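# kindly return the folded structure for what I paste below:
(2 chains)
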Amino acid sequence: MLEIVKPGLETSIQDYPGRIGFWNQGFPPSGPMDSWSFRLANLLVGNAAGAPGLEAQYMGPTIKLQGDSVIAVTGADMKPTLDGEPMAIWQSVAVKAGQTLVLGPARLGARGYLAVAGGIDAPQWLGSASTFHKASVGGLDGHASQAGQLLPVRAAQGTPGRRVKAGRQPAIAADRKWLVEAVPGPNDDWIDAAGHERFLATEWKLEARSDRTGYRLEGPDWTFTEKATDKPPENGSDASNIVDQGYPLGAINLCGQKPIILVHDGPSMGGFICPYTVPSAAFWKLGQSKPNDHYRFKSISVDEAQALARTLDEICSDDSIE
Amino acid sequence: MIFDEPIFKPGGDRFIEMELGDEMSFELNFLVHSVSGLIRESRTKGIVEIVPELASIMISYDCEAIAYADVVTEMSALFHAVGPLDGLELDSRMFYLPVYYFDPWTRACYEDYCEKIAKKEWGPEILVRSNGLSGLEQLAQVHSGTDYWVAALGFYPGLVSLMPLDPRCRLTAPKYNPPRTWTYKGTIGVGGALCSIYPDQTPGGYQMIARTPVPIWDPAQRLPAFKESLALFRPGDRVRFVPATREEYDYVERKVEAGVYLHNVAEYQRFSIRNYQAWLATIDASDRF
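Numbers count the residues shown, from 1 in each chain, chains lettered A, B, ... in the order given. Below you'll find the model as predicted:
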C-alpha cells in the first residue's frame, strides 16, 4: 500500500497505452503524458512496461510506504527524498515499510513518474486503470489522488539497483525550448503557404491554461486557403470551422486563431480544423513541458513519424535497463 | 457535396481521416455509417479504432500491422463495396424520451449565465425569432414533431449530435459565445442545425430549450439499458422527444433515482434511404407544424 500524505498538484493513476477502443463513444485514451519515462519506471522495478503507476504534475506528492517494496522515480526531476535523504532517480530503489517518499516541485521537466514493483492495484475500467478526471472515471475513484488515500499494490518482487543505460532516457530541455515534430494533416490544405511557413518559423509559447485536455499556444495569426474561406455554410462561419470531424490524438487544433494541441484527455471530435498532428513519439516532450516553455515545430512525414515511434518502442524495453 | 472518391489525410503516425464529403447532410452521414459498418465487419488487420463523424470517418491503425498506403487501399475498396446510396439500409432503434420544454432548470442556468458572464436573449426566444415561429407553443410542436437521427457521438463521453429527419422541423440557432461554463445534465440544446442532449453537467454552447430526466450515459451502468454500453445511443439510432408535464418529469425522475426506469426503445425497425426519399418527395418542407 502507498498512503498519500500530500497529493501534490495533480497526482493520478495512469497505465499505458490507456483506454483504447472507446474513442467512438467520446472516451480519450488517457494514460501517461510522457510514456517514455513511465515505461522505463515500470521496467526498472520489473513490471510490464504499461502497468499502473503514478503521474505527478509540476508538484509531486508525499507518500508513506506501508510495506517493503522496490520503487523507481523517473521523468521530471522532483528531487525525491526518502526519510529526508536524497533518492536517486532513473533507478530502482528498495524501500521499507514506514518510510516517507517526498517528491518536490519539478526542477527539470513537468511530470514525474513513480512505479512500484507489482504495480498499483487499481480496477480496470473499460480495459484500463488510467484516470480520466473530466468524466470522473478510472483510477481508484475517478479523480486525482487525495490526502489520506491508500493505493493498493499488487504483491511482487523487484530488484533494487537497476538503472537506465546511458543515452536511453529522454533529454528534457533544460533551457525550456523544445523542437517538436509535427506531421502535416489532416487539414493542412486549409492553411496557405505563408501560414505553413509562419507555423514552422515561430517560437510558440505554451500558455498557463494548459492541462491534460489541451495545450494552448501563443503566437502569430494564421492565414488560410480558399478551402477555409469558400466552403458550404454548414462548415461554420469562421475560417477554422469545419463540419464536425474526429480529432487525432496530438492534433494541433485551430480554434479561431488559437492553436490547441489535443493531448491524452482531449475531445474526440469537434468542428475545428487540425492543420498538423504531433506524432506519438513526440508526446513525451509535451508531457515534460511547463507553461511558458517554447516550442519550435519541425515538419516530418508519416513514414518518419512511424520510424520514430518504432525507435521509441525499442528504447522502452528491458534492453535499456542494466 | 458527397465525394465520388474519399479523401484520405494523415493525422500523425497512427490516425487517418477519411473524408466522404464536405457538407452536413443526413444522406452523407448515412453513407458514413454504412461505410463504418463495413470497415468494422471487415476486421482488417491493424485497424484499431473507427470513429464515424458527420461527414468523415477517423481511423486509428497500428503501423506495425498495416502500412498507411494499405489502409488507404483497403478503405477505398470498402467504400466502393457499399454501393449506391439509394439502396442502403441500416438497423435503426427508436428511443422515446420524455422532455419538459421551457423547464425551470435550463431557465435558471440561462439566468446564471446572464448574471455572471454576459447578458443575452433567452434561447427559446432566439429560436422562435430566427426560425419564423409564432411562439413557444409552436417551437415545442416543431421541435418534438420529428424523429432525430443519431449522426455522431463524441466530444464528451456519450454526447450525441442529432439531425431532424423531417425537413419541416429543421431549426437553427447561433451558439453561446463565450460558451457556458456549466449546463444541467439532461439539457436539450439546439446549436447550428443540430440538436444535442447533455449526458452530464458539462460546459456547453447550444441554446437550451428543454430537459429530460432520462439518463443517456451512465458510467456506473445502474439501469438495464446501460448493461452493454455506458452510452445509450449508437450512431444510426433515432430519438423522438415526447413533451411531458412537470408531474410526468418528476414521475420519471423518481423511477430513474430508484434504479427501476426502463428506457422506452423499439428495436424492430430498419431504415431505408429509398423509403425515406420517397416520403420526402410527398411533403412540403416549408410547412411548419
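# give me the distance between the two termini of stretch A:140-156.
20 Å (CA to CA, to the nearest Å).
# report the buried residues of it.
If you call a residue buried by 16 or more other CB atoms under 10 Å in any protein chain shown, then stretch A:140-156 has these buried ones: A:L140, A:H143, A:A144, A:S145, A:Q149, A:L151, A:V153. Any C-beta I mention is one placed from the backbone N, CA and C, and that applies to glycine too.
# B:Y101 is in contact with B:A140, correct?
Yes: with contacts counted by CB atoms under 8 Å, B:A140 reaches B:Y101, the gap being 4.4 Å.
# can you work out which residues contact both of the two?
B:A210, B:P243 (CB atoms under 8 Å, 6 or more residues apart in numbering or on different chains).
# where's the closest residue in space to B:S161 that isn't next to it in sequence, which helix or strand?
The shortest distance from B:S161 to any non-neighbouring residue, by CB to CB, 6 or more residues apart in numbering or on different chains, is to B:A152 (4.4 Å). When elements are assigned from DSSP states H and E, B:A152 belongs to strand B:148-153.
# am I right that the residue nearest to B:S161 is in contact with B:A55?
No: under the criterion of CB under 8 Å, B:A152 is not in contact with B:A55, lying 9.5 Å apart.
# could you report the neighbour count for B:S286?
7 (other CB atoms under 10 Å in any protein chain shown).
# quick one, what contacts the closest residue to it other than its chain neighbours?
Spatially, and ignoring its direct neighbours in sequence, B:S286 is nearest to B:R168 (7.8 Å; CB to CB, 6+ apart). By CB under 8 Å, 6+ apart, the contact list for B:R168 reads B:V142, B:G145, B:T146, B:I283, B:D284, B:A285, B:S286, B:D287, B:R288, B:F289.
# surely A:A194 is within a strand?
No: counting by DSSP: H, G, I helix; E, B strand; the rest coil, A:A194 falls outside a strand, being helix.
# shouldn't it be in contact with A:T223?
Yes: judged on CB under 8 Å, A:A194 makes contact with A:T223 at a distance of 5.3 Å.
# those two: who's more crowded?
A:T223 (15 against 11).
# skipping adjacent residues, who's closest to the more buried one in space?
A:G195 (4.3 Å).
# residues contacting residue 240?
Looking at chain A here, since you left the chain open. For A:S240, the contact set (CB under 8 Å, 6+ apart) comprises A:W190, A:W222, A:F224, A:A228, A:L254, A:C255, A:G256, A:Q257, A:F272, A:I273.
# meant chain B, my bad for not saying
B:M94, B:F95, B:Y96, B:L97, B:S144, B:T146, B:D147, B:Y148.
# hmm, try it at 6 Å
By CB atoms under 6 Å, 6 or more residues apart in numbering or on different chains, the contact set of B:R240 is B:Y96, B:D147.
# how much does the helix or strand hosting it deviate in direction from strand B:148-153?
Under the criterion of DSSP H and E, B:R240 resides in strand B:238-243. Relative orientation of strand B:238-243 versus strand B:148-153 (axes from the mean of the first three to the mean of the last three CA atoms, to 10 degrees): 120 degrees.
# in whatever helix or strand A:K64 lives in, which residues are buried?
Assigned by DSSP H and E, A:K64 falls within strand A:62-65. By neighbour count with 16+ other CB under 10 Å, strand A:62-65 contains the buried residues A:T62, A:I63, A:L65.
# which one of those is nearest to A:R216?
A:T62 (30.4 Å; CB to CB).
# can you get me a residue count around B:V252?
Using other CB under 10 Å, B:V252 has 19 neighbouring residues.
# per-residue pLDDT, the closest residue to it other than its chain neighbours?
In this structure, B:V252 finds its nearest non-sequential neighbour in B:P213, 4.6 Å apart by CB to CB, 6+ apart. Here the pLDDT value assigned to B:P213 is 98.
# any residue of stretch A:289-300 up close to chain B?
No: counting by CB under 6 Å from any CB of the partner chain, no contacts exist between stretch A:289-300 and chain B, the nearest distance being 9.3 Å.
# mind saving the C-alpha coords of the single longest strand found in chain B as CSV?
Across chain B, the longest stretch assigned as strand under DSSP state E is strand B:2-11. C-alpha atoms of strand B:2-11 as CSV (Å, rounded to 0.1, in the frame of the first residue of the first chain):
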residue,chain,number,x,y,z
ILE,B,2,-20.6,13.9,-51.4
PHE,B,3,-17.3,12.9,-53.0
ASP,B,4,-17.0,10.3,-55.7
GLU,B,5,-13.8,9.1,-54.1
PRO,B,6,-13.0,9.5,-50.4
ILE,B,7,-10.1,11.8,-49.5
PHE,B,8,-7.6,10.4,-47.1
LYS,B,9,-5.4,12.6,-44.9
PRO,B,10,-3.0,11.5,-42.2
GLY,B,11,-3.3,12.5,-38.5
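# next, the angle strand B:2-11 makes with the next helix or strand after that strand.
Proceeding N to C from strand B:2-11, the next assigned helix or strand is strand B:15-21, under DSSP H and E. If you take the same axes, to 10 degrees, strand B:15-21 sits at 160 degrees to strand B:2-11.
# in this structure A:I172 contacts A:K290, no?
No: at 10.5 Å, A:I172 does not count as touching A:K290 under the criterion of CB atoms under 6 Å.
# show me which of those two is the more surrounded one.
Higher neighbour count among A:I172 and A:K290: A:I172, with 21 against 16, using other CB under 10 Å.
# tell me the contacts of that one?
By CB under 6 Å, 6+ apart, A:I172 lies in contact with A:L108, A:G109, A:Q288.
# does it count as helix, strand or coil?
Using three-state DSSP, the structure places A:I172 in coil.
# wait, a helix at the residue nearest to B:S286?
Yes: under three-state DSSP, B:R168 sits within a helix.
# return the member of the buried residues of strand A:62-65 nearest to A:S210.
So of the buried residues of strand A:62-65, ranked by how close each gets to A:S210 (CB to CB), first place is A:T62, at 25.2 Å.
# contacting residues for that closest one?
A:V5, A:K6, A:V102.
# JSON lines for those, including secondary structure, pLDDT and distance to A:F132?
Converted to JSON lines, these look like this (DSSP: H, G, I helix; E, B strand; the rest coil; pLDDT from 0 to 100; distance: CB to CB, whole Å):
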{"residue": "A:V5", "secondary structure": "strand", "pLDDT": "98", "distance to A:F132": "25"}
{"residue": "A:K6", "secondary structure": "strand", "pLDDT": "98", "distance to A:F132": "23"}
{"residue": "A:V102", "secondary structure": "strand", "pLDDT": "98", "distance to A:F132": "27"}
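# how many other residues sit next to A:P186?
A:P186: 31 surrounding residues under other CB under 10 Å.
# now A:D189
Neighbour number of A:D189 under other CB under 10 Å is 16.
# secondary structure element for the nearest residue to it once chain neighbours are set aside?
Using CB to CB, 6+ apart and skipping residues adjacent in sequence, the residue nearest A:D189 is A:K227, 5.8 Å away. For A:K227, the host element (DSSP H and E) is helix A:226-229.
# go ahead and confirm A:E181 touches A:I300.
Yes: contact criterion CB under 6 Å: A:E181 and A:I300 qualify, at 4.9 Å.
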